[in-house]
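Q: Next input, structure requested:
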Amino acid sequence: MNLFAEIRDLVIQSLADLTAQGVLPEGLSMENVTVEPPRDAAHGDMATNAAMVLARPAGMKPRDIAEALAARLAADARIARAEVAGPGFLNMALALPVWHETVRAVLTEGGDFGRSRIGQGLRVNVEYVSANPTGPLHVGHTRGAVFGDALAGLLDFAGYDVTREYYINDGGAQVDVLARSVYLRYLEAHGRDVAFVDGTYPGDYLVDVGVALKQKVGDAWVDQPEEVWLTELRDFATDAMMDLIRSDLAALGVRMDVFFSEKSLYGTGRIEAALADLDAKGLIYEGVLEPPKGKTPEDWEPREQTLFRSTAHGDDVDRPVRKSDGGWTYFAPDIAYHYDKVSRGFDALIDVFGADHGGYVKRMKAAVSALSDGRVPLDIKLTQLVRLFKNGAPFKMSKRAGNFVTLRDVVEQVGPDVTRFVMLTRKNDAPLDFDFDKVLEQSRENPVFYVQYANARVMSVLRRAAEIGIAADDAVLKGADLGAMTHGSELTVARKLAEWPRLVETAARTNEPHRVAFYLYELAGDFHALWNKGNDEPGLRFLQEGDIATSQAKIALARAVSVVISAGLGILGVKPAQEMR
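A: Sure, this is the predicted structure:
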């Protein structure tokens, strides 16, 4: 059940009836007609812009259209009142049984309430985390991991066929540095004194890797030159780091469907194939770029290079793909990787990058547009920095990691559920303050506690109902007589429940899972307000002594809240609390 979609259908049908009656001219497009919550709840339950968007093409005054539409809508039993406001906005109040049926629909559909078909089974690839395999994941990766995983869960709930993917950056010079760092730990395991020069990785997380290498090769590589061990040690070290990264992701509750190796693109003809595709489209040429304004990027050279004509697909400048010395630029394997994604038949691509990759957005969009002939859209989401605080001060760096706070540091402090929810309490492109003290507070100021407490309160009602012999399973509750649910605070909760299907579709269309977290906080707020009023008004309590029928009606509303909260938390990868400790 999607109440907003149902009322929009009613509006569209009413407009069609007005057209058939000759009130409106033929051929009007209804594409931009919307039905949404009004800006001010005092104006009603829903509002439509139909008269405003149709006035000009119809050659009529908006108010004339709105008045005719209001009269038509008022004939439907679901509409208690339809009123024209201002120049032609139309506000609607819905009849009481509509809200009762909303609660019943939640209980009937269960966890599928709000699940959408807007995705139509389209295949979407969501790439996220994709950290260099040189150490444990840090707190910046944590935000990207949570955002990407929640987005994938949201799209799945909205009817898309989602693939979760991690791109292993194991083809660059940083893996050589990792191998050299592990070699130092290997020497250390043999009792040698070592010094970590600038550029190597000094974190304690490589100690065990050095020991494992000693167990594998003994002293065969001690005092040997790089050409003896570098290639093999690259693979050994990368595998060890990916095991660590997979363990970090598992601690956060993140699972990947695909791990794609950058290294697999080199020496296999895959980069050449991608560029050949672009060349065949006239998008590869030899040329010299103009000097950039401001800071000079790493891949600019004042000499002839092989360039991708990315300006033909919306970029600001053309981009080099091969350097004058014949080597690939960083951009070339990225093109090949996205060529592989397009070739796998995805209908849409989403990349989740850190904020420091903002300069890559236009060039990657241009590349995918060119490779797919504009067929496959690429949305790139940037996750901004996370600022950590504890005891009123910035959180200290992790000794184990060497120079940053790890994902494990965060999860071990507060747990995966709190970590995930808090990471979604700001839009992805806004900085986020993560205060370890505040996220563990049991107060309204702690959003994850506030939402979990609402679900725990519902569970307490169900347990108490069982203790006093009131049947309160879903099969019974969905058949309850909800006529006793008439109080404004109860209807406020029902109205918020009705927004859930619309919220899912809006969040999925915009690729914004934070909207789910915001909605859950608002729903929890409405439920807590109802609960608190019951302290002063006995008639609002969920358990009415001696009145099983009324109790079941009120429990039905509470249980519906739990169903939606559980579904929303499920999208975010958070387990709903059964009780608070």
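
Q: Let me see the backbone angles for the nearest residue to residue 32 once chain neighbours are set aside.
A: Of all residues not flanking residue 32 in the chain, residue 53 sits nearest, at 4.7 Å (C-beta to C-beta, 6 or more residues apart in numbering). Any C-beta I mention is one placed from the backbone N, CA and C, and that applies to glycine too. Main-chain dihedrals, residue 53, degrees, to the nearest 10: phi -80, psi -20.

Q: With residue 281 instead?
A: Backbone torsions of residue 281, given as degrees, to the nearest 10, read phi -100, psi 10.

Q: Specify the local secondary structure of the residue lying closest to it once chain neighbours are set aside.
A: With C-beta to C-beta, 6+ apart as the criterion, residue 281 has its nearest non-adjacent residue at 6.5 Å, and that residue is residue 370. At residue 370 the chain is in helix, as set by DSSP: H, G, I helix; E, B strand; the rest coil.

Q: What of residue 567?
A: With three-state DSSP as the basis, residue 567 sits in helix.

Q: ok, back up a step: what's the residue nearest to residue 281 in contact with, if anything?
A: 278, 281, 283, 308, 310, 312, 313 (C-beta atoms under 8 Å, 6 or more residues apart in numbering).

Q: Among those, which one has the most neighbours?
A: Most neighbours among these, by other C-beta atoms under 10 Å: residue 308, with 27 neighbours.

Q: Okay, and the beta partners of that residue?
A: Beta-bridge partners recorded for residue 308 (DSSP bridges): residue 284, residue 319.

Q: Tell me who's in contact with it.
A: Contacts of residue 308 were listed using C-beta under 8 Å, 6+ apart, and they are 275, 278, 283-284, 318-321, 331, 335, 366-367, 370.

Q: thinking again about what came up before, now do the residue nearest to residue 32 against residue 62, distance only.
A: Applying C-beta to C-beta, to the nearest Å, the value for residue 53 to residue 62 is 9 Å.

Q: just residue 163 next, same as before
A: According to C-beta to C-beta, residue 163 stands 46 Å off from residue 62.

Q: Could you pull out the helices in the stretch 1-150 of the chain for me?
A: Here the stretch 1-150 of the chain has its helices, by DSSP state H, counting those that start in this stretch, at 3-20, 50-58, 62-73, 96-109, 139-157.

Q: buried sites along the fourth one?
A: Within helix 96-109, the residues that qualify as buried by neighbour count (16 or more other C-beta atoms under 10 Å) are 98, 99, 100, 101, 102, 103, 104, 105, 106, 107, 108, 109.

Q: Which strands or helices does that helix pack on?
A: Using 3 or more C-beta pairs under 8 Å, 6 or more residues apart in numbering; DSSP states H and E, the elements in contact with helix 96-109 are helix 488-510, helix 548-572.

Q: Which stretch among those helices is buried most, on average?
A: Mean neighbours per residue, mean count of other C-beta atoms under 10 Å, is largest over these for helix 548-572, with a mean of 23.

Q: quick check: longest helix of this protein.
A: With DSSP state H setting the assignment, residue counts place helix 226-252 as the longest helix in the chain.

Q: for this protein, what helix or strand is lowest in average pLDDT?
A: Using mean pLDDT, DSSP states H and E, strand 393-394 stands out as the lowest-scoring helix or strand of the chain, at a mean of 87.

Q: What lies in contact with it?
A: The contact list for strand 393-394 (C-beta under 8 Å, 6+ apart) reads 387, 388.

Q: Parallel or antiparallel, list what pairs with it.
A: Strand 393-394 has these strand partners (DSSP bridges): strand 386-390 (antiparallel).

Q: Report the rounded mean pLDDT for the strand it pairs with.
A: Averaged across strand 386-390, pLDDT comes to 90.

Q: And it, how far out from the chain middle?
A: Distance of strand 386-390 from the chain centroid (C-alpha atoms, centre = their mean, to the nearest Å) equals 21 Å.

Q: What of stretch 326-346?
A: In terms of C-alpha atoms, centre = their mean, the centre of stretch 326-346 is set 24 Å apart from its chain centre.

Q: now the chain, which segments are flagged as low pLDDT?
A: 294-301, 397-403 (pLDDT under 70).

Q: so how far is residue 362 from the residue nearest the centre of it?
A: Nearest to the geometric centre of the chain sits residue 151, at 2.6 Å (C-alpha atoms, centre = their mean). According to C-beta to C-beta, residue 151 stands 21 Å off from residue 362.

Q: coming back round to it: let's have the buried residues of helix 96-109 in JSON lines, adding distance to residue 473.
A: Below are the buried residues of helix 96-109 laid out as JSON lines (distance: C-beta to C-beta, whole Å):
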{"residue": "98", "distance to residue 473": "25"}
{"residue": "99", "distance to residue 473": "22"}
{"residue": "100", "distance to residue 473": "19"}
{"residue": "101", "distance to residue 473": "20"}
{"residue": "102", "distance to residue 473": "20"}
{"residue": "103", "distance to residue 473": "15"}
{"residue": "104", "distance to residue 473": "15"}
{"residue": "105", "distance to residue 473": "17"}
{"residue": "106", "distance to residue 473": "15"}
{"residue": "107", "distance to residue 473": "10"}
{"residue": "108", "distance to residue 473": "13"}
{"residue": "109", "distance to residue 473": "16"}
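
Q: Relative to residue 531, which of these is nearest.
A: residue 103 (16.3 Å; C-beta to C-beta).

Q: returning to that earlier point: same drill for residue 163 and residue 62, tell me which one is more crowded.
A: residue 62 (22 against 18).

Q: so how many other residues sit close to the nearest residue to the more buried one once chain neighbours are set aside?
A: Once flanking residues are discounted, residue 62 sits nearest to residue 88: 2.7 Å by C-beta to C-beta, 6+ apart. By other C-beta under 10 Å, the residues close to residue 88 number 22.

Q: Name all residues that make contact with residue 422.
A: Contacts for residue 422 (C-beta under 8 Å, 6+ apart) come out as 414, 432, 434, 439, 447, 448.

Q: Only alpha carbons, please: show the helix or strand that contains it as PDB.
A: Remark: residue 422 resides in helix 416-423, with elements defined by DSSP states H and E. The C-alpha trace of helix 416-423 is given here as PDB (Å, rounded to 0.1, in the frame of the first residue of the first chain):
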ATOM      1  CA  PRO A 416      28.300  -1.900  14.700                       C
ATOM      2  CA  ASP A 417      24.700  -0.900  15.100                       C
ATOM      3  CA  VAL A 418      25.500   2.500  16.700                       C
ATOM      4  CA  THR A 419      28.400   3.000  14.200                       C
ATOM      5  CA  ARG A 420      26.200   2.400  11.200                       C
ATOM      6  CA  PHE A 421      23.200   4.500  12.300                       C
ATOM      7  CA  VAL A 422      25.300   7.500  13.500                       C
ATOM      8  CA  MET A 423      27.200   7.500  10.200                       C
END
